[in-house]
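S.K.: No sequence on hand, only this structure:
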Ligand code: ADE
């Protein structure tokens with residue numbers, strides 16, 4: 001067995017052994033085969049946890065075709081093992097060019113999928129632009145990220161969306177854990193892996209205080225950083241203040257920060273002007289889906305010199321003499337220079353995706369082209385299985401309590 005394949009195989013099996021929610025769903029899928037006769041086209045970060053998710057859908061009867069949703073997040077050893085040990089059709093390699101990235105997405109679509117499992121929205125976008133002829137085969141799909149869901153909602157508002165898509169991101173068992181504790185841990189993992197820099201005592205700015213930003217700020221604080229938060233939403237800015245963080249505009253924050261992590265889903269939140277005014281030696285990274293949160297194009301153009309100083313860190317010298325360090329070209333740091341979210345977190349997120357895909361397979365005839373919330377029953381099922389897998393019991397309300405909760409006349 002070649003070394004890469006063995007490494008990938010072991011990573012997949014390690015992930016499998018820490019995914020109890022998926023294991024429980026697998027038992028039922030193997031019996032019921034909810035995806036029998038259906039082809040599933042997936043664009044996800046191709047690494048071990050995702051591999052187990054793809055195999056879960058196949059165990060449910062689906063034919064699987066998969067590409068990466070990001071050119072830098074692929075684990076090549078997992079790709080080799082998925083292809084050779086599990087005979088999965090995967091199109092992905094770490095460091096693929098932009099042309100290859102799109103070529104691979106098209107290869108997935110060439111399989112004429114019936115269900116789309118997307119992360120970031122590129123597969124759905126291509127279907128609605130270059131490959132509209134394939135839409136007639138599609139019964140619907142689901143989308144994992146904040147960024148992808150925002151794109152879907154724009155399509156829905158514009159009347160452009162042609163099939164039902166489930167918003168997995170906003171399921172409670174997804175965003176409350178994946179976005180917050182998943183990104184919180186994996187962004188730090190990526191930054192520490194890329195830089196080997198001490199976080200304690202550093203002034204760290206987190207750009208964006210959605211669930212991802214909340215997780216990063218929380219974990220940075222836990223590691224001893226002095227955390228600044230920047231926001232455009234006044235409610236979230238208040239939340240950050242009450243959590244004890246300093247809140248200020250990006251430009252001001254960068255002038256006194258040692259490190260910056262973006263997590264907004266918005267382009268150019270760190271623009272050239274802020275970089276020119278930034279503290280000398282600042283380390284920039286992005287934990288959002290796309291690599292456009294830091295204006296790296298302008299940084300490339302306007303710097304007088306650039307050097308790759310570590311495997312995933314590039315140093316830029318600006319005209320004013322300041323140095324800026326950029327991790328993984330501004331691509332999502334948790335996967336481009338880390339190992340992605342912890343396995344137990346992805347177990348829950350992928351469980352939501354698997355059960356939502358099952359709901360779609362069983363109910364697609366009643367659905368129209370729209371963005372749908374994940375059914376509450378799916379959220380609850382994942383919550384219950386997860387607690388059970390941890391051996392955690394909780395109370396159930398008594399009949400009297402249920403009556404009380406549903407009455408407006410009963411007083412104290
Ligand atoms: N591993 C697989 N998919 C991931 C995602 N969307 N974010 C972080 N880690 C992942």
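M.R.: Right, received. Where do you want to start? Not measured: the values here are computed from a predicted model.

S.K.: so where's this protein uncertain?
M.R.: Across the chain, the ranges flagged by pLDDT under 70 are 1, 412.

S.K.: Please list the residues of it that sit near the ligand.
M.R.: 44-45, 47, 49-50, 119, 144, 186, 334-335, 340-341, 346 (C-beta under 6 Å from any ligand atom). All C-beta spots, glycine's among them, are computed from the backbone N, C-alpha and C.

S.K.: which residues touch the closest residue to residue 309 other than its chain neighbours?
M.R.: The spatially closest residue to residue 309, leaving aside those adjacent along the chain, is residue 315, at 4.7 Å (C-beta to C-beta, 6 or more residues apart in numbering). By C-beta atoms under 8 Å, 6 or more residues apart in numbering, residue 315 lies in contact with 306, 307, 308, 309, 323, 324, 325.

S.K.: ditto for residue 240
M.R.: Residue 240 makes contacts with 209, 217, 229, 231, 247, as judged by C-beta under 8 Å, 6+ apart.

S.K.: Could you do residue 245 as well?
M.R.: Contact partners of residue 245, counting by C-beta under 8 Å, 6+ apart, are 206, 217, 221, 227, 228, 229.

S.K.: quick one: which of the contacts of residue 240 is nearest to the ligand?
M.R.: Looking at the contacts of residue 240 and their distance to the ligand, the nearest is residue 217, at 17.8 Å (C-beta to the nearest ligand atom).

S.K.: Wasn't the closest one part of a strand?
M.R.: No - when classified by DSSP: H, G, I helix; E, B strand; the rest coil, residue 217 is found to be helix rather than part of a strand.

S.K.: Count residues in the vicinity of it, would you?
M.R.: 27 (other C-beta atoms under 10 Å).

S.K.: Report the secondary structure state of the residue nearest to residue 309.
M.R.: With three-state DSSP as the criterion, residue 315 was assigned strand.

S.K.: Tell me how far it lies from residue 192.
M.R.: Taking C-beta to C-beta, to the nearest Å as the measure, residue 315 and residue 192 are separated by 18 Å.

S.K.: Same check on residue 319?
M.R.: Counting by C-beta to C-beta, the gap between residue 319 and residue 192 amounts to 31 Å.

S.K.: Could you check which of the two is surrounded by more residues?
M.R.: Here residue 319 and residue 192 are set side by side on neighbour count (other C-beta under 10 Å), and the busier one is residue 192, at 15 against 9.

S.K.: Surely the more buried one is in contact with residue 202?
M.R.: No - the pair formed by residue 192 and residue 202 falls short of the contact definition of C-beta atoms under 8 Å, at 11.6 Å.
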